[in-house]
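> got a sequence here, can you model it:
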Amino acid sequence: MFCPKCGTPCTPENKFCKSCGTPLGAASSAQAAATPAPGAVPPGAAQPAAPGAHPGAPPGMVPVVYQAYPGGPQQVYYMPAHGPQAQAAAGGILGGIREKIRILASTDKLEGFSFRELFKETFKKRSADEVEEYLAVGSPRTTPPLETVDTNWPKPWMFFRVLAGLIVAYAVYYGLYLYSTNEKLMIGTMVLAAFAAPVATLMLIWEMNTPRNVSIVEVIKLFVVAGGISVVIITLWYLIPIFGNMPGIVEETSKLAAVVIVTYGARGARYPYQLNGIIFGATVGAAYAVSETLGYAIDVFGPGLIDFVKTGAYDAIFANLPAGTGVSDGVILMPVMKATIANLNLRGLESPFAHVVWTAITAGAFWRVKGDRTANLSMVLDGRFLRAFCIPVLMHTTWDIGILFPNLNPYLTNIGFPILTGIISWYVLFGMIQQGLHQVRDMQKAQLEHTLVHVEQTLGLGARVPAVVKQPAGA
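Next comes the predicted model:
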């Protein structure tokens, strides 16, 4: 029988609904008397549930089991019998797309998420001591206890200071070059341009790691070591001609391999959270993004310099100068340098939507399967990982589709596809971050339950029993 008010399934022994508290005595008897015979549907009444509906579910609903991570608690909730398709139809085309993405990524709908709330403390004034304490976390002595971790959406702010500082340094270097024509400033300018956006995005994702158990030292080590390993692996892959047109598979697989190689070993107990995998992946993705951007800068700078000399522009400058006038190499290289900077600026604007977020998704999906265990091959073959792994591979392939099909509209390949893939990638990443926050919350509950049981056993209180609800007289 079901509650006449909320439809919750109840047993005949229940005198009150276990969900809403509605009395079930006389009301349920009247409801049973008014229930038509099997197969008879009164005029105006709702049609019976479709064949195959779960017998314990409310009419028109089916149970769905959700488990945020392996070994975690299972939660049963009900949804319309038509499942995701009915919800997608209700949300229109965009709702259907979002639902399909969530199913592929094995994440839930974002709850309580707001960009305004997320960045509300970005411009709040902080003292030097606050900044130092904020960054001095992640070591065994400075990691906060699990029970004190806030599992609400974090409010990052340090990333903006990192971004602003690197942009200012880049502008100063480039301005000095334009003013002084000192060619020695060119390398520093290119390095700062390549580092600014990926490192700031990495800092943003580091701030989303609410357990605060990953130190800046660990991030730097991963950036240098795992980032370098990823470059080596990818370079070796590309020595095989058949993989030259498969950047999505080659690069995303290699970056994950670098993460696993560097974090492999007895580190499961210290880094068990899905949020940890996300920050590890973002670190390697940022390192590779910097390396790739500098490589593209050299691609523009080197051939541009050669073409500049071959066309006679170098000699033309000297021909138009008064006799005896000296000229700096910086003046000669300025047209090439401007073309290089334009390329760096474009890639810098695009970098937060590419490698950093792609590898964060890949490693986050892997950590969702791995948990606190040591990595092994079976985890890579797990369906939950493989489905989510398809997302960054597909986004990466779509991003580079102009390389595979050079005749496509350049506005589509240079603007349209990057925007589309960037939006999808961050939507998936935010879903995984929310899943990571839920994992921390579940672990807090499990730790509290364990503590209560231990205290009860220590005090000899015996097993806990559920509270008895007093029923009204005559019930």
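> drop to CA atoms for contacts and neighbour counts, all remaining ones
Fine.
> list the contacts of Arg102.
Arg102 is in contact with 108-109, 428, 431, counting by C-alpha atoms under 8 Å, 6 or more residues apart in numbering.
> kindly report the same for Ile341.
190, 193, 297.
> I figured the last one hits Leu344, correct?
Yes: proximity of Ala297 to Leu344 meets the contact threshold set by C-alpha atoms under 8 Å, at 6.4 Å.
> who touches both of these two?
Met190.
> quick revisit: could the contacts of Ile341 go into JSON lines alongside neighbour count?
Listed next are the contacts of Ile341 as JSON lines, based on neighbours: other C-alpha atoms under 10 Å:
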{"residue": "Met190", "neighbour count": "22"}
{"residue": "Ala193", "neighbour count": "28"}
{"residue": "Ala297", "neighbour count": "23"}
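> in CSV, list those along with secondary structure, pLDDT and distance to Asn182.
Below are the contacts of Ile341 laid out as CSV (DSSP: H, G, I helix; E, B strand; the rest coil; pLDDT from 0 to 100; distance: C-alpha to C-alpha, whole Å):
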residue, secondary structure, pLDDT, distance to Asn182
Met190, helix, 88, 14
Ala193, helix, 92, 18
Ala297, helix, 81, 19
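> what is the nearest of those residues to Ile278?
Ala193 (24.5 Å; C-alpha to C-alpha).
> so what's that closest one up against?
Ala193 makes contact with 167, 170, 341, 344-345, 348 under the criterion C-alpha under 8 Å, 6+ apart.
> just give me the closest of the residues you listed to Lys125.
Distances from Lys125 to the contacts of Ala193, taken by C-alpha to C-alpha, are shortest for Ile167, at 19.5 Å.
> what comes up buried for whatever helix or strand the closest one lives in?
In the assignment (DSSP states H and E), Ile167 maps to helix 158-180. Neighbour counts over helix 158-180 (16 or more other C-alpha atoms under 10 Å) mark 158-160, 162-163, 166-167, 169-170, 173-174, 177-178 as buried.
> now do stretch 128-138
By neighbour count, with 16+ other C-alpha under 10 Å as the criterion, the buried positions of stretch 128-138 are 137-138.
> now, among the contacts of Ile341, which is nearest to Thr148?
Closest to Thr148, out of all of the contacts of Ile341 and judged by C-alpha to C-alpha, is Ala193, at 38.3 Å.
> Ala360 versus that closest one, what's the distance?
As judged by C-alpha to C-alpha, to the nearest Å, Ala193 and Ala360 stand 22 Å apart.
> can you show me the strands along the chain?
For the chain, the strands defined by DSSP state E cover 61-67, 74-80.
> low-confidence stretches in this protein?
1-2, 4-23, 25-92, 265-268, 301-334, 461-475 (pLDDT under 70).
> hmm, try it at 80
1-95, 181-183, 244-245, 264-269, 298-339, 403-404, 406, 454, 456-457, 460-475 (pLDDT under 80).
> domain parsing for it?
Listed by automatic domain parsing, the domain ranges of the chain are 1-19+58-79, 115-455.
> of these, which approaches Lys100 most closely?
domain 115-455 (11.1 Å).
> re the thing from before, farthest pair within the buried residues of helix 158-180?
Spatial extent of the buried residues of helix 158-180 (C-alpha to C-alpha) is set by the pair Met158 and Leu178 at 30.5 Å.
> please look at Ile234 and Glu252 and confirm they touch.
No: the pair Ile234 / Glu252 is not scored as a contact, 9.2 Å apart, by C-alpha under 8 Å.
> of these two, which one has the most company?
A count of neighbours by other C-alpha atoms under 10 Å puts Glu252 above the other of Ile234 and Glu252, at 23 against 19.
> tell me how many other residues surround Tyr238.
The burial count for Tyr238: 16, using other C-alpha under 10 Å.
> how far away is the closest residue to it other than its chain neighbours from Ile401?
Nearest residue to Tyr238 in three dimensions, chain neighbours excluded: Gly244, at 5.5 Å (C-alpha to C-alpha, 6 or more residues apart in numbering). Applying C-alpha to C-alpha, the value for Gly244 to Ile401 is 13 Å.
> Arg368 too?
Arg368 is 30 Å from Ile401, by C-alpha to C-alpha.
> neighbour count: the two, which is higher?
Arg368 (26 against 17).
> excluding sequence neighbours, find me the nearest residue to the more buried one.
Using C-alpha to C-alpha, 6+ apart, the closest residue to Arg368 is Gln274 (5.3 Å).
> ok, that neighbour touching Thr362?
No: using C-alpha under 8 Å as the test, Gln274 is too far from Thr362 to be in contact (10.9 Å).
> quick one, which of these two is more surrounded?
Ranked by neighbour count (other C-alpha under 10 Å), Gln274 and Thr362 place Gln274 first, with 31 against 27.
> list the residues that contact Ile298.
Each residue near Ile298 by C-alpha under 8 Å, 6+ apart is listed here: Thr340.
> what separation do you get for it and Glu292?
Where Glu292 is concerned, Ile298 sits at a distance of 10 Å (C-alpha to C-alpha).
> now swap in Met190 and tell me
Between Met190 and Glu292 the computed distance is 12 Å (C-alpha to C-alpha).
> now swap in Ala363 and tell me
Taken as C-alpha to C-alpha, the span from Ala363 to Glu292 is 20 Å.
> which of the two has more neighbours?
Ala363 (31 against 16).
> how about the helices in the stretch 151-300 of the chain?
158-180, 186-207, 216-221, 227-238, 247-263, 274-310 (DSSP state H, counting those that start in this stretch).
> of the ones you listed, which is nearest Thr142?
helix 216-221 (12.0 Å).
> and the contacts of the closest one?
By C-alpha under 8 Å, 6+ apart, helix 216-221 touches 135-138, 280, 283.
> of all the residues you listed, which comes closest to Leu386?
Phe280 (18.4 Å).
> surely that closest one and Ala226 touch.
No: at 9.4 Å, Phe280 does not count as touching Ala226 under the criterion of C-alpha under 8 Å.
> okay, and the common contacts of those two?
Val259.
> as a markdown table, the domains of the chain with distance to Arg98 would be great.
A markdown table is the format used below for those (distance: least, C-alpha to C-alpha, whole Å):
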| stretch | distance to Arg98 |
| --- | --- |
| domain 1-19+58-79 | 17 |
| domain 115-455 | 9 |
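> winner for burial among these?
Highest mean neighbour count among the domains of the chain (mean count of other C-alpha atoms under 10 Å): domain 115-455, with a mean of 18.
> between the two ends of it, how far is it?
42 Å.
> same question for stretch 256-275.
15 Å.
> now do that stretch: everything it contacts.
Contact with stretch 256-275 is made by 208-210, 213-214, 222, 225-227, 229-230, 280-281, 284, 359, 362-365, 367-368, 371-375, 432-433, 435-437, 439-440, as judged by C-alpha under 8 Å, 6+ apart.
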